[in-house]
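In: Have a look at this prediction, sequence included:
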Amino acid sequence: MAKDKELAVSEKKEKDSKKKDKSKKQGGISKWFKDLKLELKKVVWPDKKTVVNNSIVVFAAMLGFAAFTFLLDKGFLWLFQLAISGKS
């Protein structure tokens, strides 16, 4: 009797998992696009001033890191040439 109940419970779990799998497949791509559209409506888009300010900060940081990398490269080149030439 206990085994029958266990079998019934396991069969029910299998049916439930199959139903969940089918519900995941239903809708497919169209459901994904509908959900995407709903999520995009929730996004708070920045105003033009914020975008411009953030772009300026990113550009300035990029130039700063480029200058730092350039100076670091020149410094290592100078040290390497100093080591190769053997001059003090």
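Out: That came through fine. Numbers count the residues shown, from 1 in each chain.
In: Would you map the helices across this protein?
Out: Here the chain has its helices, by DSSP state H, at 2-25, 28-42, 48-85.
In: Can you tell me which of those has the worst average pLDDT?
Out: Lowest mean pLDDT of these: helix 2-25, a mean of 62.
In: What residues sit buried inside stretch 57-65?
Out: Of the residues in stretch 57-65, none count as buried by neighbour count, 16 or more other C-beta atoms under 10 Å. (Glycine included, C-beta is placed from N, CA and C.)
In: actually stretch 31-48, not the one I typed
Out: For stretch 31-48, the buried set under the neighbour-count rule, 16+ other C-beta under 10 Å, is empty.
In: gap between residue 41 and residue 35?
Out: Distance of residue 41 to residue 35, given as C-beta to C-beta, to the nearest Å: 11 Å.
In: same check, this time on residue 52
Out: Taken as C-beta to C-beta, the span from residue 52 to residue 35 is 32 Å.
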